[in-house]
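Asks: from the sequence below, what's the structure:
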Amino acid sequence: MRSQIYSLGIWPWHWNVTPWPVVAFQSLLTAYVLWLVLRSIVPRQTMMRYLILLALLSAFTSLSWYSSLIMPDILGPVLYLCIYLLVFARDSLTRTDHVALFLIACWAVASHATHLMLAGGLCVLLVLLLALRRPFMQARWKAVGEVALIVVLAAAAQLALNDYLYGEPSLNGDRPPFLMARIIADGPGRWYLEKHCPAVKFAICDHVHDLPSDPDVFLWGANGIWQNTDDESAQRLTQEEMPFVLATLRAYPRQQLARSAIAFWQQLAVFGLYDLDASDVVSDEYDSVFPGGRPHYLRSRQAQNTLPLEFFTSVGNWAIIVSILMICALAPLLWRKRSARLVGLTVVILSTVIANALVTGPLSMVEDRFQSRVIWLLSFLAGLFVMVWLDRRQGVRGAGNPAREI
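Replies: Residues are numbered from 1 along each chain as shown. Just a heads-up that it's a prediction; the model follows:
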């Protein structure tokens, strides 16, 4: 179900001994990409401003939480910033930076299905902006082509690896039927089964009278359908997922669209840290991954559910509100002397934050983790807006001061 390419990427950093080097690696990787972005936008007093902004993001947003989570979540926002750098700030990169970003982006795209979807969608958006001849997109065909190449290479690597592991090329590997669970929980899937099961003979029809109204219960619940099905039935559920989903959409298009829109809106507004609490799966599997490490894990605040998740969720929510207000207040002032880089970064961040909610909520389930892993990008953008505004304000003052001109 998870990307083996992500697992291969972090394996040299833990060797089944300790997870902490993975945390350090992901944090340094994220810090490196943030440095390159800030350097491309703010060329003055860069190091001091970088350290201040990084400290604020670490303390008040979800950035530090997700760079420390040993899952590919943090690679999503890192990928989108890499795309910005490769398309809009190529001339600010050294050759080493360029090669490093290319490799990071390839790994990030292949590390999660949503990263592949969003990177592909971002390519389409950039091509559309090129076709519309937006001023900030001038002469960027080659750069957008490079990003498209990254997406293609990552997809090909995922297909080849899954073909080798499972005997069938696939972008998702041996994944659960997320769409089936979602469309049943939304209602139209349930209605379709109740009306058509006698004729269609789907495997899910065996459970038509006990379908859960929560996709999380369907997939992961102790008494859920997916957790309690045998291998043969699981294979049938997976094979019949798309025919069932398409049949439901043909039968109830408006109803499903309305429920998907609600899920999108809910996901867009949900970005707490509550999904980072203790996990029975982690506890049960710890010894098989890090032999002898389970007692140490069980003494941690995460395992004991004593992390201050509610407090930092509240802090993060206020940080996002303030960030959005700052972006809205400064955007008109900066637009008068807009730079291609700042406009490009704004387009990349806003489009991916919105698209992330569009992909995860309606297609899987509404969870805090899905949006929380990218929402900190708004605070990062707000910080850059403030720095650019301060630079331009100081420039205006300097232009009117004869002593400074001398």
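Asks: does residue 368 touch residue 267 like I think?
Replies: No - using C-beta atoms under 8 Å, residue 368 is not in contact with residue 267; the gap is 9.3 Å. Quick note: C-beta positions are derived from backbone N, CA and C, even for glycine.
Asks: between those two, who's got more neighbours?
Replies: More crowded of residue 368 and residue 267, by other C-beta atoms under 10 Å: residue 267, with 24 against 19.
Asks: with adjacent residues omitted, what lies nearest to that one?
Replies: Computed as C-beta to C-beta, 6 or more residues apart in numbering, the closest residue to residue 267 that is not its neighbour in sequence is residue 361, at 2.9 Å.
Asks: can you count the residues close to residue 177?
Replies: Neighbour number of residue 177 under other C-beta under 10 Å is 24.
Asks: same question, residue 125
Replies: For residue 125, the count of nearby residues is 16 (other C-beta under 10 Å).
Asks: residue 282: helix or strand, and which one exactly?
Replies: Assigned by DSSP states H and E, residue 282 falls within helix 280-289.
Asks: can you check residue 124 too?
Replies: Residue 124 is part of helix 113-131, with elements assigned from DSSP H and E.
Asks: what sits up against that helix?
Replies: Helix 113-131 has contacts (C-beta atoms under 8 Å, 6 or more residues apart in numbering) with 3, 72, 75-76, 79-80, 83, 87, 105, 108-110, 137, 140-141, 144, 147-148, 150-151, 154-155, 158, 171-172, 175, 347-348, 351-352, 355-356, 359-360.
Asks: and that helix, how far out from the chain's middle?
Replies: In terms of C-alpha atoms, centre = their mean, to the nearest Å, the centre of helix 113-131 is found 14 Å from the chain centre.
Asks: one more: stretch 286-296?
Replies: 28 Å.
Asks: try stretch 95-102
Replies: Taking C-alpha atoms, centre = their mean, one finds stretch 95-102 lying 22 Å from the centre of the chain it belongs to.
Asks: buried stuff in that stretch?
Replies: Neighbour-count burial for stretch 95-102, counted by 16 or more other C-beta atoms under 10 Å, picks out 97, 100-102.
Asks: now, which of those residues lie within helices?
Replies: 97, 100-102 (DSSP state H).
Asks: ok, back up a step: if any of the contacts of helix 113-131 are buried, put those into a PyMOL selection.
Replies: A single PyMOL command selects the buried members of these (16+ other C-beta under 10 Å):
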select buried, resi 3+72+75+76+79+80+83+87+105+108+109+110+137+140+144+147+148+150+151+154+155+158+347+348+351+352+355+356+359+360
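Asks: out of the contacts of helix 113-131, list just those in helices.
Replies: Using DSSP H, those in helices are 75-76, 79-80, 83, 87, 105, 108-110, 141, 144, 147-148, 150-151, 154-155, 158, 347-348, 351-352, 355-356, 359-360.
Asks: separation between the residue nearest the centre of the chain and residue 40?
Replies: Nearest to the geometric centre of the chain sits residue 76, at 4.0 Å (C-alpha atoms, centre = their mean). According to C-beta to C-beta, to the nearest Å, residue 76 stands 20 Å off from residue 40.
Asks: residue 67 now?
Replies: Distance from residue 67 to residue 40, by C-beta to C-beta: 21 Å.
Asks: same question for residue 314.
Replies: As judged by C-beta to C-beta, residue 314 and residue 40 stand 33 Å apart.
Asks: for the longest helix along the chain, packing partners?
Replies: Ranked by residue count, the top helix of the chain under DSSP H comes out as helix 368-399. On a contact count with 3 or more C-beta pairs under 8 Å, 6 or more residues apart in numbering; DSSP states H and E, helix 368-399 meets helix 20-41, helix 46-60, helix 63-67, helix 75-88, helix 253-268, helix 309-335, helix 340-363, helix 402-405.
Asks: cutoff 7 Å now
Replies: Applying 3 or more C-beta pairs under 7 Å, 6 or more residues apart in numbering; DSSP states H and E, one finds that helix 368-399 contacts helix 20-41, helix 46-60, helix 63-67, helix 75-88, helix 253-268, helix 309-335, helix 340-363.
Asks: helices and strands of this protein: which one bottoms out on pLDDT?
Replies: Lowest mean confidence among the helices and strands of the chain (mean pLDDT, DSSP states H and E): helix 402-405, at a mean of 37.
Asks: hang on, the earlier thing: and the residue nearest to residue 267, what pLDDT?
Replies: pLDDT for residue 361: 91.
Asks: residues near it, how many?
Replies: By other C-beta under 10 Å, the residues close to residue 361 number 25.
Asks: ok, now which ones touch it?
Replies: Applying C-beta atoms under 7 Å, 6 or more residues apart in numbering to residue 361 gives the contacts 263-264, 266-267.
Asks: ok, now with 10 Å
Replies: Neighbouring residues of residue 361 by C-beta atoms under 10 Å, 6 or more residues apart in numbering: 182, 260-270, 367, 370-371.
Asks: hmm, who's touching the helix holding residue 282?
Replies: For helix 280-289, contacts defined as C-beta under 10 Å, 6+ apart pick out 14, 16-17, 19, 70, 220, 222, 279, 292-298, 302-303.
Asks: among these, which are in helices?
Replies: Judged by DSSP H, helices contain the following of the contacts of helix 280-289: 220, 294-298.
Asks: if we can go back for a sec, any of the contacts of helix 280-289 buried? List them.
Replies: Using 16+ other C-beta under 10 Å as the burial test, the contacts of helix 280-289 include 14, 19, 70, 294, 297, 303 as buried.
Asks: domain parsing for the chain?
Replies: 4-174+267-398, 178-251 (automatic domain parsing).
Asks: now the end-to-end length of the last one.
Replies: Right, domain 178-251. One end of domain 178-251 sits 20 Å from the other (C-alpha to C-alpha, to the nearest Å).
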